[in-house]
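Student: Take this sequence and fold it.
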Amino acid sequence: MTTAESSRTYYAPHGGHPPQTDLLTDRAVVTQAYTVIPRGVLRDIVTTVLPEWTQTRAWVLNRPVSGGAVTFSQTILEVAPGGGSDAPEPQAEVEGFLFLMEGQVKVTIDGDVHELSPGGFAFVPAGTSWSLRAEGDSAARFHWLRKRYQPWSGPAPKPVVGHEQDIEASPMPGTEGRWRTTRTLDPQDHSFDMHVNIVTFEPGAVIPFAETHEMEHGLYVLEGKAVYRLNEDWVEVQEGDYMSLRAFCPQACYAGGPGPFRYLLYKDVNRQVQL
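Tutor: Numbering: from 1, shown residues only. Model (predicted):
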């Protein structure tokens, strides 16, 4: 792990409200193939309150809607010190994944207590008892991905807790490590029906073809900027922006620099198509 990798920061929204002098035009767009929510949209006025949580507000980035990505929800939660939930998940059939961007939290999963700092993550299998409490002097801000678990013929997945900086990133072939992926869940373990990865591009690195595949994606930019190809469009994105991609949406990107371009990536995996 390099010095830069050991001192990673993760962009998180803080809300607020723009002045009346700002232009109302922005980069937000919703199409039948993809949605882009730029970071400037995540203001106080678009937060929601989840009844299972205390001292918490949330920005919902993705939910199943007609014409959009339907396998998952993705929400950024901002939890004040001492806030949290003793019963956060209202649906027993739903699994979850947490990724912390700012602050400190204590997550208890089936009685086991884990302390998460920025870059820390936790996978919580469906039907698992868990709770979360924000600690320290500042608010905790983290992603919460939720998916209805699809059982298979083998065993259910186990909880996973870790930190992205403790995982060696896997370089894409032929890229000299300029495009690499940090996999938080074991890609060889077929009990998982979702993966959450951190993808890193060095300046000038590219996805050199338009990926077109069955997997839906949620992409949140943690760091840097790029030009992303979504369906027929080239879209500029920067840290704090979010993209939701429906199945088969063509996608590629060109990292713009001057620093690395990194994003948190959700995708559904390892299951037969249900007819």
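
Student: Mind telling me what element the residue lying closest to residue 92 once chain neighbours are set aside is part of?
Tutor: Distances taken as Cβ to Cβ, 6 or more residues apart in numbering place residue 127 nearest to residue 92, at 5.0 Å, with adjacent residues excluded. Every C-beta, even on glycine, is put in place using the N, C-alpha and C of the backbone. Per DSSP states H and E, residue 127 falls between elements, in no helix or strand.

Student: Give the burial count for residue 127, as a bare number.
Tutor: Counted with other Cβ atoms under 10 Å, residues neighbouring residue 127 total 13.

Student: and what of the one 5 residues further on?
Tutor: Using other Cβ under 10 Å, residue 132 is surrounded by 26 other residues.

Student: Could you measure from the nearest residue to it once chain neighbours are set aside over to residue 103?
Tutor: Closest residue to residue 132 apart from its sequence neighbours, by Cβ to Cβ, 6+ apart: residue 84 at 4.6 Å. According to Cβ to Cβ, to the nearest Å, residue 84 and residue 103 sit 11 Å apart.

Student: list the residues that contact both of these two?
Tutor: residue 134 (Cβ atoms under 8 Å, 6 or more residues apart in numbering).

Student: quick one on the thing from earlier: for the residue nearest to residue 92, give its distance to residue 93.
Tutor: The gap separating residue 127 from residue 93 is 7 Å, by Cβ to Cβ.

Student: try residue 32
Tutor: Counting by Cβ to Cβ, the gap from residue 32 to residue 93 is 28 Å.

Student: got it, and residue 196?
Tutor: 19 Å.

Student: Longest strand of the chain, counting residues only.
Tutor: In the chain, assigned by DSSP state E, the strand with the most residues is strand 73-85.

Student: Which parts of the chain are helices?
Tutor: 3-6 (DSSP state H).

Student: pLDDT below threshold where in it?
Tutor: 1-7 (pLDDT under 70).

Student: Report how many residues lie close to the nearest residue to residue 228 once chain neighbours are set aside.
Tutor: In space, and not counting its chain neighbours, residue 228 is closest to residue 253: 4.6 Å by Cβ to Cβ, 6+ apart. If you count neighbours by other Cβ under 10 Å, residue 253 ends up with 25.

Student: who touches residue 253 in this structure?
Tutor: Contacts of residue 253 by Cβ under 8 Å, 6+ apart are 201, 206, 207, 226, 227, 228, 229, 261.

Student: Show the buried residues in those residues.
Tutor: Buried residues within the contacts of residue 253, counting neighbours by 16 or more other Cβ atoms under 10 Å: 201, 206, 207, 226, 228, 229, 261.

Student: Tell me how far the first one lies from residue 38.
Tutor: Remark: distance between residue 201 and residue 38 (Cβ to Cβ) = 19 Å.

Student: How about the fifth one?
Tutor: Relative to residue 38, residue 228 is positioned 12 Å away (Cβ to Cβ).

Student: Repeat that for the fourth one.
Tutor: Between residue 226 and residue 38 the computed distance is 13 Å (Cβ to Cβ).

Student: shouldn't residue 260 be in contact with residue 203?
Tutor: Yes - here residue 260 reaches residue 203: they are 7.3 Å apart, a contact under Cβ atoms under 8 Å.
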